[in-house]
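Asker: Sequence and predicted structure, then a few things I'm wondering about:
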Amino acid sequence: MKIPTSLKHKPVIVVENYKNVDGKYIDDPNSNAEGLSLGLAQWMDRGKIDISAKVWRYTNHKWSRQSEEIPLHRILDMAILICSAYEFVKEKSYRYPEKYDPNHPVIDRIGLNGDAMNIEVCTDNPEISGDLTLFADALNSDGENLGERLAVLARLLKNMGY
């Protein structure tokens with residue numbers, strides 16, 4: 001299915017077969033993520049060009065308002081968050097009876113833009129210990145999909161000199 005080009009987000013680079021590679025949702029008949037694009041952001045002001053990524057959703061025979069347009073830096077921030085959480089679950093959480101250290105819930109501090117992004121366990125969640133176990137189980141069960149994508153990301157970053 002072709003991604004629309006007549007809407008406010010103007011696609012430049014697209015993945016129109018995303019439904020075929022959408023991780024564990026490949027065979028899910030309820031999945032509606034049809035494509036991905038990088039393009040000119042819909043929130044652009046005159047004279048100011050921003051690039052955004054968009055997940056295109058198609059439901060009920062039309063393009064959905066649930067399609068998400070995301071600034072590129074936020075996607076990279078999410079990738080950082082995913083990697084930090086993945087590392088915490090794989091390398092550290094098992095050391096604690098509650099799956100984290102209640103006295104030190106910050107699991108990582110990543111310096112960005114002159115400050116730091118604090119990545120921490122959500123101690124406001126009253127079911128956090130059980131939810132961390134479920135989170136770890138979900139990461140483990142999706143390990144093949146995530147591992148494949150992390151390996152590709154690592155290769156691309158290395159090829160780019162990072």
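Answerer: In hand now; what should we look at?
Asker: average pLDDT across the longest helix seen in the chain?
Answerer: Identified as the longest helix of the chain according to DSSP state H is helix 72-91. Summarised as a single mean, pLDDT over helix 72-91 is 92.
Asker: who's in contact with it?
Answerer: Contacts made with helix 72-91 from outside it, assessed by Cβ atoms under 8 Å, 6 or more residues apart in numbering, are listed as 38, 51-53, 107-108, 110, 112, 117, 119, 132, 135-136, 139, 146, 150, 153. Using the backbone N, CA and C atoms, a C-beta is placed for each residue, glycine as well.
Asker: which among these end up buried?
Answerer: In the contacts of helix 72-91, burial by neighbour count holds for 38, 52-53, 107-108, 119, 132, 135-136, 139, 146, counting by 16 or more other Cβ atoms under 10 Å.
Asker: Only the C-alpha atoms, please, for the longest helix of the chain, written as PDB.
Answerer: C-alpha atoms of helix 72-91 as PDB (Å, rounded to 0.1, in the frame of the first residue of the first chain):
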ATOM      1  CA  LEU A  72      14.100  12.300  15.000                       C
ATOM      2  CA  HIS A  73      15.800  13.200  18.200                       C
ATOM      3  CA  ARG A  74      13.000  11.700  20.200                       C
ATOM      4  CA  ILE A  75      13.300   8.500  18.300                       C
ATOM      5  CA  LEU A  76      17.000   8.400  19.100                       C
ATOM      6  CA  ASP A  77      16.100   9.200  22.800                       C
ATOM      7  CA  MET A  78      13.700   6.300  22.700                       C
ATOM      8  CA  ALA A  79      16.400   4.000  21.300                       C
ATOM      9  CA  ILE A  80      18.700   5.100  24.100                       C
ATOM     10  CA  LEU A  81      16.000   4.400  26.600                       C
ATOM     11  CA  ILE A  82      15.300   0.900  25.100                       C
ATOM     12  CA  CYS A  83      19.000   0.000  25.200                       C
ATOM     13  CA  SER A  84      19.500   1.200  28.800                       C
ATOM     14  CA  ALA A  85      16.400  -0.700  30.000                       C
ATOM     15  CA  TYR A  86      17.500  -3.800  28.000                       C
ATOM     16  CA  GLU A  87      20.900  -3.600  29.600                       C
ATOM     17  CA  PHE A  88      19.400  -3.100  33.100                       C
ATOM     18  CA  VAL A  89      17.100  -6.100  32.800                       C
ATOM     19  CA  LYS A  90      19.700  -8.400  31.300                       C
ATOM     20  CA  GLU A  91      22.700  -7.400  33.500                       C
END
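Asker: Thanks a lot, see you next time.
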